[in-house]
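Q: Build me a structure from this.
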Amino acid sequence: MCDSNIFPEVDVIRTEALNETESLMRIFQVIAFFVVAELMISAQTSLTAPPGGQGQARITSSAASLFTAQDNSSPAQNEAAAQSSGAANTDDPSPSMFNHSDSSPFWISGQANIIFQAHPPFHAAYSGDNSLSNAGEYKTSLLGTLYLGVQVPHTSKHTEFLLDIESTGGRGISQALGLAGFTNLDVVRNPNLSSKPYVARVEIHQILPLSKEMTEASRGSLSLATEVPVRRLEFRLGKMSAPDSFDVNSVGSDSHLQFTNWTIDNNGAYDYAADTRGYTYGAVVEYQDRIWAARYGLMLMPTVANGIDLDWNLRRARGENMEFELRKGIWWKKPGVVRILSYVNHAHMGSYREAVDAFLAGEDAAPDLTKHEHFGAVKYGFGLNTEQQITNNVRAFARVGWNEGQHESFAYTEVDQTVAAGGDYNGRRWGRPFDKLGLAFVSNAIKKDHQQYLKYGGKGFLLGDGNLNYGRENIVEAYYNLQAWRGLFYALGVSYIANPGYNRDRGPVIVPSVRMHVDF
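A: Numbering: from 1, shown residues only. Alright, predicted model coming up:
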């Protein structure tokens, strides 16, 4: 018989895996309990509700609000989640400190978001320049945005000019290094950038009617119309963020009122064109029909990975984005949305395999992507994004993402594959309709070439522990968001991260957070 103590490392890995599995099982048992309880309550309510009258009106109103409810509080990475006409959102529109006119041609609003995060010391066999610090630390980030808009006169309210001014401050834990699924979406990925206000968006939004039939639309900072043609073309031209239009999800895209993790709020494998602040210049054309939509976007790529400067030569560098959206539920005739995404990036990108091969051949002292960059390099990927109303108070969402993984992660984060799922529970049951409880799980991965690059000591713009004992980066995030007064919200959250930076030799780490958000 073998003595298990002969292989202590195997025992440690087995014990960690069992503990991680048990923790995840407990979490999903809690999810299952809430969902089953809510389904039982909803079923009982539907059986006792009177036919027609108010009971029927509530169902109709709930279904209609799927396409109209909005929230104007989101930042660059997630604002469109609350403004998409296809969002599966039956929540009441979030209040703000001041009421906004539905008839004025002008729009003025703003928001401020403060996130405090910390983590205690955790196990790390080694650390590198781009590691999440294993010493205890705490950091605070600040983000403020002023939203301005005007409907151009004599255009039947079909032409809008939008301008957003933004300012960021503070820091993220470990300067936003060491995690593929970083814990704070508000953090700018280059801490050396100034906190001075900058233009986040400046764009023209044009609606071209294709039918006389009109439908209601909720007014917000990305679209000022209160009603729009059922069938229409929409054009956007100027400075924007790709997630304003693509990979939108009303349950998991808003770091100000929902989750804060990069790979929960967005598809981690979607390496969308953007500078280090998350913005770019581009054009989007979108066709909207009664229950479906299709959109295409052409965006400028940064000149270097995670760079602030953009390459204006579209022949050699560009990001192309395509998405199809179907607004149709698959759960007991409840509202839902499915989106299929594809993107192709052309840029001056490096190859992981070339960098590793050059290192192994003795040509480079360490793997270095910057020495193996090529104009005309192509990176492509796909994504699936879905959201579904389960009951009047429970919503669920999921994302799946994949990219080819041979060329360097260039603009968003270092993820080649991702699977995410979660949901939220509205506080109506305890008399707080603007409160929300959320829980989500995401599992991120990178491909073999990327793994080898990090194992031999290579550094990306986010990751680089100096070595790598590869494992999927698994993250669970939970939050409770509480409305204190009008547009003032406080939230408590916590994240559990196994294998930070895909490294089994580091972690796990727990990151609690406190958030304050104000809508003006």
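Q: CA atoms for contacts and neighbours, from now on please.
A: Will do.
Q: Kindly list the longest strand within the protein.
A: In the chain, taking DSSP state E as the definition, the longest strand is strand 373-389.
Q: Check which residues of that strand are buried.
A: The neighbour-count check on strand 373-389 (16 or more other C-alpha atoms under 10 Å) flags 373, 377-389 as buried.
Q: Can you name the next helix or strand after the helix-or-strand element of the chain with minimal mean pLDDT?
A: Within the chain, no helix or strand scores below helix 53-65, which has a mean of 30 by mean pLDDT, DSSP states H and E. Later in the chain than helix 53-65, the nearest helix or strand by DSSP states H and E is strand 106-119.
Q: quick one: strands adjacent to that following strand?
A: Here strand 106-119 is paired, per DSSP bridges, with strand 137-151 (antiparallel), strand 509-519 (antiparallel).
Q: shaky segments in the protein?
A: 1-94 (pLDDT under 70).
Q: let's go with 50 and repeat that
A: Within the chain, the ranges that satisfy pLDDT under 50 run 1-21, 23-31, 33-79, 82-88, 90.
Q: Give me the three-state assignment for residue 409.
A: coil (DSSP: H, G, I helix; E, B strand; the rest coil).
Q: what's the spacing between it and residue 193?
A: 21 Å (C-alpha to C-alpha, to the nearest Å).
Q: Which of the two has more residues huddled nearby?
A: residue 409 (26 against 13; other C-alpha atoms under 10 Å).
Q: who touches the residue nearest to that one when sequence neighbours are not counted in this structure?
A: Once flanking residues are discounted, residue 409 sits nearest to residue 271: 6.9 Å by C-alpha to C-alpha, 6 or more residues apart in numbering. Residues in contact with residue 271, defined by C-alpha atoms under 8 Å, 6 or more residues apart in numbering, are 409-413.
Q: pretty sure residue 486 is touching residue 97, no?
A: Yes - between residue 486 and residue 97 there is a contact under C-alpha atoms under 8 Å: 5.4 Å.
Q: Angles on the backbone of the residue nearest to residue 409, please.
A: Main-chain torsions, residue 271, degrees, to the nearest 10: phi -80, psi 70.
Q: Turn the contacts of residue 271 into CSV, columns for distance to residue 108.
A: CSV is the format used below for those (distance: C-alpha to C-alpha, whole Å):
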residue, distance to residue 108
409, 37
410, 34
411, 30
412, 30
413, 32
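Q: Could you let me know which of these ends up closest to residue 306?
A: residue 411 (5.1 Å; C-alpha to C-alpha).
Q: Got the phi and psi for the closest one?
A: Dihedral angles of residue 411 (phi, psi; degrees, to the nearest 10) stand at phi -130, psi -30.
Q: give the contact list for it.
A: Here residue 411 is in contact with 271-276, 302, 305-307 (criterion: C-alpha under 8 Å, 6+ apart).
Q: switch the cut-off to 6 Å
A: Shown in contact with residue 411 (C-alpha atoms under 6 Å, 6 or more residues apart in numbering): 271, 274, 305-306.
Q: With mean neighbour count and distance to residue 113 added, can I get the strands paired with strand 106-119 in CSV?
A: Below are these laid out as CSV (neighbours: other C-alpha atoms under 10 Å; distance: least, C-alpha to C-alpha, whole Å):
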stretch, mean neighbour count, distance to residue 113
strand 137-151, 20, 5
strand 509-519, 21, 5
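Q: between these, which one is nearest to residue 181?
A: Comparing the strands paired with strand 106-119 by C-alpha to C-alpha, strand 509-519 comes nearest, at 12.3 Å.
Q: you'd agree residue 470 is up against residue 503?
A: Yes - using C-alpha atoms under 6 Å, residue 470 makes contact with residue 503 at a distance of 5.1 Å.
Q: So for those two, which residue has more residues nearby?
A: A count of neighbours by other C-alpha under 10 Å puts residue 503 above the other of residue 470 and residue 503, at 26 against 19.
Q: Now distance to residue 233 too, for the strands paired with strand 106-119, in a markdown table please.
A: Formatted as a markdown table, the strands paired with strand 106-119 follow (distance: least, C-alpha to C-alpha, whole Å):
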| stretch | distance to residue 233 |
| --- | --- |
| strand 137-151 | 17 |
| strand 509-519 | 30 |
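Q: Could you tell me how many residues sit around residue 311?
A: Residue 311 sits with 15 neighbouring residues when counted by other C-alpha under 10 Å.
Q: Residue 196 now?
A: Residue neighbour count, defined by other C-alpha under 10 Å, stands at 9 for residue 196.
Q: now swap in residue 334 and tell me
A: Residue 334 has 18 neighbours, counted by other C-alpha under 10 Å.
Q: what's the answer for residue 101, then?
A: 11.
Q: go on, residue 430?
A: Using other C-alpha under 10 Å, residue 430 has 8 neighbouring residues.
Q: State the phi and psi torsions of it.
A: According to degrees, to the nearest 10, residue 430 has phi -110, psi 30.
Q: Tell me how far it lies from residue 230.
A: In terms of C-alpha to C-alpha, residue 430 sits 37 Å off from residue 230.
Q: now do residue 265
A: 28 Å.
Q: Compare the two and say which is more crowded by neighbours.
A: The neighbour comparison of residue 265 against residue 230 (other C-alpha under 10 Å) goes to residue 265, with 28 against 18.
Q: helix, strand or coil for the spatially closest residue to the more buried one that is not a sequence neighbour?
A: Take residue 265 and drop its neighbours on the chain: the residue closest to it by C-alpha to C-alpha, 6+ apart is residue 253, 4.0 Å away. The three-state label given to residue 253 by three-state DSSP is coil.
Q: neighbours around residue 253, how many?
A: Residue 253 has 30 neighbours, counted by other C-alpha under 10 Å.
Q: go on, the one 4 residues further on?
A: The burial metric for residue 257, expressed as a neighbour count using other C-alpha under 10 Å, is 28.
Q: Cheers, nothing more for now.
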